[in-house]
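Undergrad: give me the fold of what follows.
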Amino acid sequence: MKAIWNGSLIAESDHTIVVENNHYFPPAAVKKEFLTTSATHSICPWKGEASYFNVEVGGKVNKDAAWYYPTPKDAAKNIENYIAFWKGVQVSQ
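TA: Coordinates of the predicted model:
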């Protein structure tokens, strides 16, 4: 799987984990130079509190376009620190 935004490859892995139709990429598969920490957080009843990253490519910012669970609930431990994308980031094979 690949995650692409604004013409740049943000993440690539053969080992994503699919949860609720979202591909979660292993942390090592994500190019961190395209991510900046966001102050945004949200709560999932069964996964826990999500933290967000902004995706920045070529001077453009896609606010909160990536998220992850740094300390997920037990039911989601398998995606701890794995990163998923939305908001126009194309995730495909």
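
Undergrad: which residues touch S13?
TA: Each residue near S13 by Cβ atoms under 8 Å, 6 or more residues apart in numbering is listed here: 1, 25-26, 29. Glycine gets a C-beta too; all of them are placed from N, C-alpha and C.

Undergrad: just curious, which of those residues is nearest to Y68?
TA: F25 (9.3 Å; Cβ to Cβ).

Undergrad: okay, and the beta partners of that closest one?
TA: I83 (DSSP bridges).

Undergrad: what of the one 10 residues further on?
TA: In this structure, L35 has beta-bridge partners V55, where bridges are defined by DSSP bridges.

Undergrad: which residues touch it?
TA: Contacts of L35 (Cβ under 8 Å, 6+ apart): 10, 53-56, 66, 83.

Undergrad: what about D64, how many neighbours?
TA: Here the number of neighbours of D64 (other Cβ atoms under 10 Å) works out to 19.

Undergrad: which two in the contacts of L35 are spaced the farthest apart?
TA: It's E56 and I83 that sit farthest apart of the contacts of L35, by Cβ to Cβ, at 14.5 Å.

Undergrad: quick one: which of the two has more around it?
TA: I83 (25 against 18).

Undergrad: please enumerate the strands of the protein.
TA: 2-5, 8-12, 17-19, 22-24, 35-44, 48-57, 60-68, 83-85, 90-92 (DSSP state E).

Undergrad: pick the most deeply packed of those.
TA: The highest mean neighbour count among the strands of the chain, using mean count of other Cβ atoms under 10 Å, belongs to strand 83-85: a mean of 25.

Undergrad: tell me the mean pLDDT for it?
TA: Averaging pLDDT along strand 83-85 gives 98.

Undergrad: what's next to that strand, contact-wise?
TA: Here strand 83-85 has contacts from 3, 5, 10-11, 19, 22-25, 27, 30, 35, 53, 55, 65-68, 91, using Cβ under 8 Å, 6+ apart.

Undergrad: follow-up on the earlier one: ok, so of the contacts of L35, who is nearest K73?
TA: Nearest member of those to K73, counting by Cβ to Cβ, is I83, at 17.8 Å.

Undergrad: re the thing from before, so which of the strands of the chain is nearest A75?
TA: Here strand 48-57 is closest among those (Cβ to Cβ), at 8.8 Å.
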